[in-house]
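Visitor: Provide a 3D model corresponding to the input given below.
(chains A and B)
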Number of protein chains: 2
Amino acid sequence: MPVNLPALDPAHLFPVPGVELGYACAGIKKPNRKDVLLFRLGAGATVAGVFTQNRFCAAPVILSKDHLSHGDIRALVINTGNANAGTGEKGLLDARAVCEAVASQLGVKSAQVLPFSTGVILEPLPVEKIFAGLPQAKADLKEDNWANAAEAIMTTDTQPKATSRRVVIAGQTITITGISKGAGMIRPNMATMLGFVAMDAAVPQAVLQELVGYAANRSFNRITIDGDTSTNDSFIMMASGRVQIPGFADTSSAEFQALRDAVTEVSTWLAQAIVRDGEGATKFISVQVEGGRDEAECAAVAYAIAHSPLVKTAFFASDPNLGRILAAIGYAGIGDLDVSKIDLYLDDVWVAKQGGRNPDYCEEDGQRVMKQSEITVRVLLNRGDARTTVWTCDFSYDYVRINADYRS
Amino acid sequence: MPVNLPALDPAHLFPVPGVELGYACAGIKKPNRKDVLLFRLGAGATVAGVFTQNRFCAAPVILSKDHLSHGDIRALVINTGNANAGTGEKGLLDARAVCEAVASQLGVKSAQVLPFSTGVILEPLPVEKIFAGLPQAKADLKEDNWANAAEAIMTTDTQPKATSRRVVIAGQTITITGISKGAGMIRPNMATMLGFVAMDAAVPQAVLQELVGYAANRSFNRITIDGDTSTNDSFIMMASGRVQIPGFADTSSAEFQALRDAVTEVSTWLAQAIVRDGEGATKFISVQVEGGRDEAECAAVAYAIAHSPLVKTAFFASDPNLGRILAAIGYAGIGDLDVSKIDLYLDDVWVAKQGGRNPDYCEEDGQRVMKQSEITVRVLLNRGDARTTVWTCDFSYDYVRINADYRS
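Guide: Numbering: from 1, shown residues only, chains lettered A, B, ... in the order given. Below is the predicted model of the structure:
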């Protein structure tokens, strides 16, 4: 059961002019399951992306990065059921063959297609099945197809994840719609976190690359389930170019910043949806670290808390276990951290003051917050002005069950 | 149930001439439980130690470091049931008061006593109970008392941990005996990993400090249960000075190296015992990384594997899940790692070759190894001559149960 993740409502997913989507049931792993998705973009669209930092990056990631560097991307093809990772030279040839098949279907060049795969690793990509599914996906191409698209990229997700925003900038309406799948490096043989966000704005490629990095650092790069990262993680942003606003070419303009905020909001929703649907998750935890010297040290503290199995099992048990949180802060790797300056809150409850238990804290208050399905852990380092937030979930019996039972 | 940890046999614990031990049941947390331990050292003994890197280090750790810096240590006092951590100025005064009480009992100076505490944190140390227990501990002081000592430092350990070696160096017999308790940052409110190793050799303090660092880096610093580190972790080495061998003052001598190897063997046994008794552990895993450019990168890869909850649940499930291990290697943070050079073995089974599945590997072989209670994961980076080994355990339902149920 995802934590407060509303069911997908197709009526609230706005089509993005200039971006068509089509799916196929290609039987890659199971029959009658949406497992291939095509994006088609019109001429003049721009595309940018960020990818997994894992050194074992999958063949489609290598190829997508290469194709992106040439620009003028006109299509994306995503398959589930097989990650085409750990497949060596053969995997690269297979990914290229899929791009060629898509290119031939759509009348574009192979280098204008970005491939994505998610699913089991170390097994060859069933290219014939994908080839066979492409005509169905092509025939299905339409702008009002985001709900199907969200389903077509699911692997172990229990719910499709999609959201839309419309924002008026310089008198014109911009539509932003995105989909994601997770959950982190969860069931890594069926792994990969994917996010796709499209908008109808005209955004130069270099600016779009900056935008996707900015949004990723505040969304997909700020979530964690278990600290593991996958071989295929990708986050892609597409701008169809239909709505032209000069300010979008200038990252210091108010117009660009309004677009940036809206895009970041959509990306954050999609990233948080992955955590809400994390394996075995029963709680959604925001770890907010303030007063650091820079964002990096805030992130180090936030991740130390968010990754600690002891902290995460305490959340599962609704146990306001201060010792575990303080200890995690202590080993976050900040060499000159003065722990006697640290304050800690669970939502509005001030639990630790100057590095020790707040004398006014009573455990009932902490317990009340810990029983909630959404909790904010707020750490004040009191040594600077930087801050960051990381989102995670708790660590339950079900996490072990799901990950231990998988493949058996 | 610990993994292949033999029951303590007092007949195999050799007294160390010049090192006396005595315990008391001081009722710190529960009545009739051994919870205070004294070590008494004769004049001329040397002591050295390494301590937690956690910024939230406990009052006794601060004081022990300070007292060690003055040298001429004559006693150690250890209490369980309370960690005296997160207790601020009051905690320091309490730890000092305990040292003073021991000093007065034994007729030494307060600065010649090292204090250690382990147990619940953020609660004041019950100094009166410790004071009341000291006469009993003093009356119990004797050299042949290691089995009681091993019991007296237990908290959540399910078995006492102690071992002995005798080694003949330059024609003289050296006795080395040690005790430890764990398990890592397991149940961190009752936490702390402690290790005490004593020998009857005469070792200058500076050399002993080097020796404890060397042994720690190959033992207590190479184990991990869940990646968390405690506020009180300490590893102390004592040399009573009874057996004088000139070579022990020279770290390049064959005599010193023989002593170093024997001490490291005892330390490794004690450290591994903590993993074998890790919470919920059903398997003992050695992660051996070879062929790195330096030991640091070997350790980074080993810890990435040993900390991954996905890898650890796969061990629990006896699932030879290559993808999870390879992915962990990939995100270990080695920027220029060429994954196409990596080989991976599970014991003698060659599972991954040049970064992909070994064509000759069959899953039955991997499965056979994964079902064992002791497993060696061997990673060949094939880019240098450095190597290291880290020991860990699997991640079971019981880990979540123990850590979620604690305090409830």
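Visitor: List the contacts of the nearest residue to A:I153 once chain neighbours are set aside.
Guide: Once its chain neighbours are removed from consideration, A:I153 has its nearest residue in A:K181; the separation is 4.6 Å (C-beta to C-beta, 6 or more residues apart in numbering or on different chains). Yep, even glycine has a C-beta here, placed from its N, CA and C like the rest. When the contact criterion is C-beta atoms under 8 Å, 6 or more residues apart in numbering or on different chains, the partners of A:K181 are A:T118, A:A150, A:I153, A:M154, A:T155, A:D157, A:K161, A:T192, A:M193, A:L194, A:I274.
Visitor: The residue lying closest to the first one once chain neighbours are set aside: what's it in contact with?
Guide: By that I understand A:T118. Residue nearest to A:T118 in three dimensions, not counting chain neighbours: A:T192, with 3.9 Å by C-beta to C-beta, 6+ apart. The neighbourhood of A:T192, defined by C-beta under 8 Å, 6+ apart, consists of A:A83, A:S117, A:T118, A:G119, A:T155, A:K181, A:S230, A:T231, A:N232, A:D233, A:S234.
Visitor: let's go with 6 Å and repeat that
Guide: A:T118, A:S230, A:N232, A:D233 (C-beta atoms under 6 Å, 6 or more residues apart in numbering or on different chains).
Visitor: Can you tell me which of the residues you listed is nearest chain B?
Guide: The closest of those to chain B turns out to be A:S230 (C-beta to the nearest C-beta; 6.5 Å).
Visitor: what about that closest one, neighbour count?
Guide: 31 (other C-beta atoms under 10 Å in any protein chain shown).
Visitor: what's the distance between it and A:F116?
Guide: A:S230 sits at a distance of 12 Å from A:F116 (criterion: C-beta to C-beta, to the nearest Å).
Visitor: and the strand or helix carrying A:A302, what does it pack onto?
Guide: In this structure, A:A302 sits in helix A:295-307 according to DSSP states H and E. Identification of packing neighbours for helix A:295-307 by 3 or more C-beta pairs under 6 Å, 6 or more residues apart in numbering or on different chains; DSSP states H and E yields strand A:284-292, helix A:322-330, strand A:386-393.
Visitor: ok and the second one relative to helix A:295-307, angle-wise?
Guide: Spelled out, it's helix A:322-330. Orientation of helix A:322-330 against helix A:295-307 (axes from the mean of the first three to the mean of the last three C-alpha atoms, to 10 degrees) gives an angle of 140 degrees.
Visitor: Extract the C-alpha set from helix A:322-330 and format it as PDB.
Guide: What follows is helix A:322-330, C-alpha atoms only, in PDB (Å, rounded to 0.1, in the frame of the first residue of the first chain):
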ATOM      1  CA  LEU A 322      16.500  10.100  19.400                       C
ATOM      2  CA  GLY A 323      19.700   8.200  20.000                       C
ATOM      3  CA  ARG A 324      19.600   6.600  16.500                       C
ATOM      4  CA  ILE A 325      19.000   9.900  14.800                       C
ATOM      5  CA  LEU A 326      21.700  11.700  16.700                       C
ATOM      6  CA  ALA A 327      24.200   8.900  16.100                       C
ATOM      7  CA  ALA A 328      23.500   9.100  12.400                       C
ATOM      8  CA  ILE A 329      24.200  12.800  12.400                       C
ATOM      9  CA  GLY A 330      27.400  12.100  14.300                       C
END
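Visitor: Show me what that helix is in contact with.
Guide: Taking contacts as C-beta under 6 Å, 6+ apart, the residues outside helix A:322-330 that touch it are A:301, A:304-305, A:308, A:310-311, A:314, A:351-352, B:54-56, B:121-122, B:188-189, B:231.
Visitor: What is the next helix or strand after that helix packed up against?
Guide: Secondary structure here is assigned by DSSP H and E; on that basis, the next helix or strand after helix A:322-330 toward the C-terminus is strand A:343-346. Other helices and strands packing on strand A:343-346, by 3+ C-beta pairs under 6 Å, 6+ apart, are strand A:349-353, strand A:374-380.
Visitor: Surely A:G44 is within a helix?
Guide: No - using DSSP: H, G, I helix; E, B strand; the rest coil, the secondary structure at A:G44 is coil, not a helix.
Visitor: sorry, back to before: as JSON lines, the helices and strands packed on helix A:295-307 with distance to B:F14, mean neighbour count and mean pLDDT would be great.
Guide: Listed next are these as JSON lines, based on distance: least, C-beta to C-beta, whole Å; neighbours: other C-beta atoms under 10 Å in any protein chain shown; pLDDT from 0 to 100:
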{"stretch": "strand A:284-292", "distance to B:F14": "49", "mean neighbour count": "22", "mean pLDDT": "97"}
{"stretch": "helix A:322-330", "distance to B:F14": "36", "mean neighbour count": "27", "mean pLDDT": "87"}
{"stretch": "strand A:386-393", "distance to B:F14": "49", "mean neighbour count": "23", "mean pLDDT": "94"}
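Visitor: Quick check: which of those is nearest to A:P204?
Guide: Relative to A:P204, the nearest member of the helices and strands packed on helix A:295-307 by C-beta to C-beta is strand A:386-393, separated by 28.2 Å.
Visitor: is whichever helix or strand comes after the closest one anywhere near chain B?
Guide: Scanning the chain past strand A:386-393 towards its C-terminal end, the next helix or strand to appear is helix A:397-405 (assignment: DSSP H and E). Yes - for a cut-off given as C-beta under 6 Å from any C-beta of the partner chain, helix A:397-405 has contacts with chain B, namely A:Y397, A:V400, A:N403, A:A404.
Visitor: contacting residues for the third one?
Guide: For A:N403, the contacting residues are B:L310, B:T313, taking C-beta under 6 Å, 6+ apart as the criterion.
Visitor: and A:Y214, what does it touch?
Guide: Going by C-beta under 6 Å, 6+ apart, the list of residues near A:Y214 is empty.
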